[in-house]
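In: Dropping a prediction and its sequence here:
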There are 2 protein chains.
Amino acid sequence: MLDKRYLLSQEALKLIIGNIEFRCLPKEKVPLQEAYYRITYEDVLAPEDLPGFNRSTVDGFAVKAMDTFGAKESSPAYLTIKGEIPMGGVPHFSIFNGQCASIATGGMLPEGADAVVMIEHVNIVSEDLIEVLRAVSPWENVIFKDEDVKKGEVVIRAGKRLKPQDIGALAGLGITEVIVSKKPIVSIILTGDEIVPHTEKVSPGQVRDINSFTLAGLAQKTGAIPIKFGIVKDNYSEIKATVQEGYSRGDIIIITGGTSAGIKDMTARVIDELGLPGVLFHGVSIKPGKPIIGGVCNGKPVFGLPGHPVAVYLCFELFIRPLIEHMMGLEEKSFKKIVKAKMARSIHSQAGREDFIRVSLEERNGQLWAVPLLSKSGLIMSLVKADGIVHINSQLLGVEEGQEVEVEIID
Amino acid sequence: MLDKRYLLSQEALKLIIGNIEFRCLPKEKVPLQEAYYRITYEDVLAPEDLPGFNRSTVDGFAVKAMDTFGAKESSPAYLTIKGEIPMGGVPHFSIFNGQCASIATGGMLPEGADAVVMIEHVNIVSEDLIEVLRAVSPWENVIFKDEDVKKGEVVIRAGKRLKPQDIGALAGLGITEVIVSKKPIVSIILTGDEIVPHTEKVSPGQVRDINSFTLAGLAQKTGAIPIKFGIVKDNYSEIKATVQEGYSRGDIIIITGGTSAGIKDMTARVIDELGLPGVLFHGVSIKPGKPIIGGVCNGKPVFGLPGHPVAVYLCFELFIRPLIEHMMGLEEKSFKKIVKAKMARSIHSQAGREDFIRVSLEERNGQLWAVPLLSKSGLIMSLVKADGIVHINSQLLGVEEGQEVEVEIID
């Protein structure tokens, strides 16, 4: 056991993802106002031009640009005011040479006009006469009818997580429904003779459920729907029955716990019996989280996570979040929230193993320091207090005090 | 008008925040499972120790550490197995010198034992005898009963946004309800003769509502509850009536639009009439977003935003998000998601003005480039296509091509 070569986290993730089709969840149509942060299943095309008409971007006067050429404060151009453009309506007149029309931001350019002079660059001489103090070029201060979006253009690509401004753009195009990937159901099963629900008093030897709360929140944040299947005893037939229920209702199955001696093999056996190919790896070279079991059963990923709360968090971030995004078909440039800091004390690691150190960030004389929250991995408070995680890769033997490290912020 | 000195964004924000009490929203008690990402209103104290008993962190044998001193592969220590510790229960025996008990990760240490030897460092000789191949120090591989959390300790400070792992920790302590700040209600009122609902066909001169969708999504993301009060015409009495309704039901009021000439003053007048002190600034030296109006009326912030979709987004991020967090009492170290990139083309700015340039990020030969999405500020697509924003502060006259800039990623 001691010398067994375990996979690195990226290798383990690849093994699972290689067995799961990209964008494998079914699609569904949702009303626009419910599509925030959902992931588009297909490209969304513009059904029409936006804004749909030539529009002023400023308050001022619609003009023929030519009429303003050469205009300056010392020799303004004089234009007759033909009328006022109503907001939200079509101008019922055209502009000819020497004429202009008052227009507000967002107003529709009248026929004949090809630019707008800002109100700040105009003197209103009388009710029907202005002086233009500065020339405008053709189409200055105008948005073309299809300048924001052209009919037929891809507005949003498939695989994009819809941000508020994306929903705004779709609303602007009159799109009322969007086709998105269904939210995957994440089945959460806790095992362990010592685990009791959080609503119960504990007797010595017992601990309350921490992990289903962490996992449910992480799943929701990633865009999935968590379903809890309760706490089962360390007993093969109970575990098997509950996992089968979770498997039949869920798209991803997470079994946590099974920390007592014989149980790890029970979890692996249950996963193997669910379907092919079954368990793909048993143990990954990470700390915390090493005893993780990963498998795929008839196209559904199934994980056996260790019971340590910190390991559960980390395994979710390393394996389950990317997997959920893969299943939903997320295809975006992604950037991590990283800050650079100096390590406040040396941390030793083991060659071949990836270490994930929880750190709190402290500013001392303008320098940011990453203070390791050292603790046994069962301690949830080391995670609660952490601002971020320092990843020590498998090539390194540790990080020295004072060394600059990248801290991935926990959001 | 041209030479008027406008406030910088931070000055404008301070003016508003200075008139709004920190953590001014009422508190409410919510069930733990509904408290994800809510902001704690008061410190949460631990009602008991966690884990509550001395616990093994490994699978192995509970021992008296002393009995293992000097043990090595070539001269192991021999111990008698007294029994097995049941998971979730109290051991019904004590350990005396020369004895040990088999224990699983998470098991409770029996009386007399002060350390656990990992199973990997033991040879099981017979049913009741082991060889210990490596010494353990006192309390090695043990979590103390109050090592994760001590009774009475602050587990979560007031003003913290509850992450999944925080909720997990609270569950572990048997906490079933949390006191959090109420979600503020953000009243959204659109004005403009040219605006129609997104479900309607547009005639020339009309545009659909984009902003209420962007604002509602941003408000929700920040932890607020958006309520839309519909689209009102550019008409003083209609605007006044709707704003008053939004004001009486909301904690923060956002009026957008009012881009047509006389309307800006109407919005300011309506805000002034709502309560004291009324309008605090009219115009901020930012681009886009310059015409923003900010005020406070009897303790409630009221904003008049320009109708440009990009300006609306930006004004929310600059003014309304920090304000919501202030009202909810958020007190956290906060880190922005920033990446460094080289500017792909020169951008000129005006001294005294803050510019916010939407950029898309492109990797070319391993170097990240920020490509400005130049457009008139009405163009929502420049925001949809943006990966982030480059802030050009008021001291600068622009950014040169090839210059390194910080890009704040839009999430």
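Out: All right, it came through fine.

In: Which helix runs longest in chain A?
Out: Once chain A is assigned using DSSP state H, the helix that runs over the most residues is helix A:236-249.

In: Report the distance from that one to the chain centre.
Out: Between the centre of helix A:236-249 and the centre of its host chain there is 31 Å, according to CA atoms, centre = their mean, to the nearest Å.

In: Tell me which residue of the stretch 51-200 of chain A lies closest to chain B.
Out: Taking CB to the nearest CB, chain B has its nearest neighbour within the stretch 51-200 of chain A at residue A:164, 2.7 Å off. The C-beta positions use only the backbone N, C-alpha and C, and glycine is treated the same way.

In: Checking the closest residue to that residue other than its chain neighbours next. Helix, strand or coil?
Out: With CB to CB, 6 or more residues apart in numbering or on different chains as the measure, residue B:217 is the residue that lies nearest to residue A:164, at 2.7 Å, once sequence neighbours are left out. Secondary structure state of residue B:217, per DSSP: H, G, I helix; E, B strand; the rest coil, is helix.

In: number of nearby residues for residue B:217?
Out: 24 (other CB atoms under 10 Å in any protein chain shown).

In: so who does it touch?
Out: With CB atoms under 8 Å, 6 or more residues apart in numbering or on different chains as the criterion, the residues that contact residue B:217 are A:36, A:163, A:164, A:165, A:167, A:168.

In: So which of the residues you listed is surrounded by the most neighbours?
Out: Counting neighbours by other CB under 10 Å, residue A:168 comes out on top of the contacts of residue B:217 with 29 neighbours.

In: what sits against it?
Out: Contacts for residue A:168 (CB under 8 Å, 6+ apart) come out as B:210, B:211, B:213, B:214, B:217, B:309, B:380.

In: now do residue A:309
Out: When contacts are counted by CB under 8 Å, 6+ apart, residue A:309 is found next to A:210, A:211, A:214, A:378, A:379, A:380, A:383, B:165, B:168, B:169, B:172.

In: May I ask which helix or strand encompasses residue A:213?
Out: According to DSSP states H and E, residue A:213 maps onto helix A:211-221.

In: Could you report the separation of residue A:237 from residue A:243?
Out: Between residue A:237 and residue A:243 the distance, using CB to CB, to the nearest Å, works out to 11 Å.

In: Between the two, tell me which one has more neighbours.
Out: For the pair residue A:237 and residue A:243, the greater number of neighbours falls to residue A:243 (26 against 11), based on other CB under 10 Å.

In: Need the pLDDT of the more buried one.
Out: Among the per-residue scores, residue A:243 holds a pLDDT of 97.

In: Quick check: chain neighbours aside, which residue is closest to it?
Out: If you skip the residues right next to it in sequence, residue A:243 has residue A:270 as its closest partner in space, 5.2 Å away by CB to CB, 6+ apart.

In: Can you report phi and psi for that neighbour?
Out: Backbone geometry at residue A:270, expressed as degrees, to the nearest 10, gives phi -60, psi -40.

In: just checking, it touches residue A:240?
Out: Yes: the pair formed by residue A:270 and residue A:240 meets the contact definition of CB atoms under 8 Å, at 5.0 Å.

In: who's more crowded, those two?
Out: Regarding residue A:270 and residue A:240, a neighbour count based on other CB under 10 Å identifies residue A:270 as having more, with 30 against 17.

In: which element follows the helix or strand bottoming out on mean pLDDT in chain A toward the C-terminus?
Out: Across the helices and strands of chain A, mean confidence by mean pLDDT, DSSP states H and E is lowest for helix A:263-274: a mean of 89. The C-terminal neighbour of helix A:263-274 among helices and strands, as given by DSSP H and E, is strand A:277-282.

In: Within the sheet, what are the partner strands of that following strand, with directions?
Out: Strand A:277-282 sits in its sheet next to strand A:293-297 (antiparallel), going by DSSP bridges.

In: Hey, what's the angle from the partner strand to helix A:263-274? Just curious.
Out: Here the directions of strand A:293-297 and helix A:263-274 differ by 10 degrees (axes from the mean of the first three to the mean of the last three CA atoms, to 10 degrees).

In: Other residues contacting strand A:293-297?
Out: If you take CB under 8 Å, 6+ apart as the criterion, strand A:293-297 is touched by A:12, A:15-16, A:19-20, A:247, A:264, A:267-268, A:271-272, A:274-284, A:301-305, A:319.

In: what lines up beside the one helix or strand residue A:355 maps to in the sheet?
Out: Taking DSSP H and E as the criterion, the element that holds residue A:355 is strand A:354-364. When pairs are called by DSSP bridges, strand A:354-364 turns out to pair with strand A:286-287 (parallel), strand A:367-372 (antiparallel), strand A:388-392 (antiparallel).

In: Pop the domain breakdown of chain A in here.
Out: Chain A resolves into domains spanning A:9-25+A:183-328, A:27-46+A:159-181, A:55-143, A:338-409 when parsed by automatic domain parsing.

In: Now distance to residue B:346 too, for those, in JSON lines please.
Out: Putting the domains of chain A into JSON lines (distance: least, CB to CB, whole Å) gives the following:
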{"stretch": "domain A:9-25+A:183-328", "distance to residue B:346": "36"}
{"stretch": "domain A:27-46+A:159-181", "distance to residue B:346": "26"}
{"stretch": "domain A:55-143", "distance to residue B:346": "20"}
{"stretch": "domain A:338-409", "distance to residue B:346": "28"}
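
In: right, and the ones you listed - which one's nearest residue B:291?
Out: domain A:55-143 (9.1 Å; CB to CB).

In: Could I have the CA atoms of the longest helix of chain A written out in CSV?
Out: The C-alpha atoms that make up helix A:236-249 are tabulated as CSV, following Å, rounded to 0.1, in the frame of the first residue of the first chain:
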residue,chain,number,x,y,z
TYR,A,236,-23.2,-3.1,2.7
SER,A,237,-26.9,-3.7,1.9
GLU,A,238,-28.0,-0.4,3.3
ILE,A,239,-25.4,1.5,1.4
LYS,A,240,-26.1,-0.5,-1.8
ALA,A,241,-29.9,0.2,-1.6
THR,A,242,-29.4,3.9,-0.9
VAL,A,243,-26.7,4.4,-3.6
GLN,A,244,-29.0,2.6,-6.1
GLU,A,245,-31.8,5.0,-5.3
GLY,A,246,-29.4,8.0,-5.6
TYR,A,247,-28.0,6.5,-8.9
SER,A,248,-31.4,6.1,-10.4
ARG,A,249,-32.5,9.6,-9.6
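
In: one step back: contacting residues around the residue of the stretch 51-200 of chain A closest to chain B?
Out: Applying CB under 8 Å, 6+ apart as the definition, the contact partners of residue A:164 turn out to be A:36, B:213, B:214, B:215, B:216, B:217, B:218, B:221, B:313.

In: Check those against residue B:94 and report the nearest one.
Out: Taking CB to CB as the measure, residue B:221 is the one of the contacts of residue A:164 closest to residue B:94, at 56.0 Å.

In: Neighbours of that closest one, how many?
Out: Number of residues near residue B:221 (other CB under 10 Å) recorded here: 16.

In: Ok, residue A:65 next?
Out: Residues near residue A:65, counting by other CB under 10 Å, number 18.

In: Is it correct that it is in contact with residue A:114?
Out: Yes: if you go by CB under 8 Å, residue A:65 and residue A:114 touch, sitting 5.4 Å apart.

In: Return every residue with contacts to both of these two.
Out: Here residue A:65 and residue A:114 have A:138, A:139 as joint contacts, going by CB under 8 Å, 6+ apart.

In: Up against chain B, what does the stretch 201-350 of chain A have?
Out: Proximity of the stretch 201-350 of chain A to chain B (CB under 8 Å from any CB of the partner chain) is limited to residues A:201-218, A:220-221, A:234, A:259-261, A:307, A:309, A:313, A:333, A:335-337, A:339.

In: what's around the closest residue to residue A:55 other than its chain neighbours, how many residues?
Out: With CB to CB, 6+ apart as the criterion, residue A:55 has its nearest non-adjacent residue at 4.7 Å, and that residue is residue A:143. The number of residues packed around residue A:143, counting by other CB under 10 Å, is 22.
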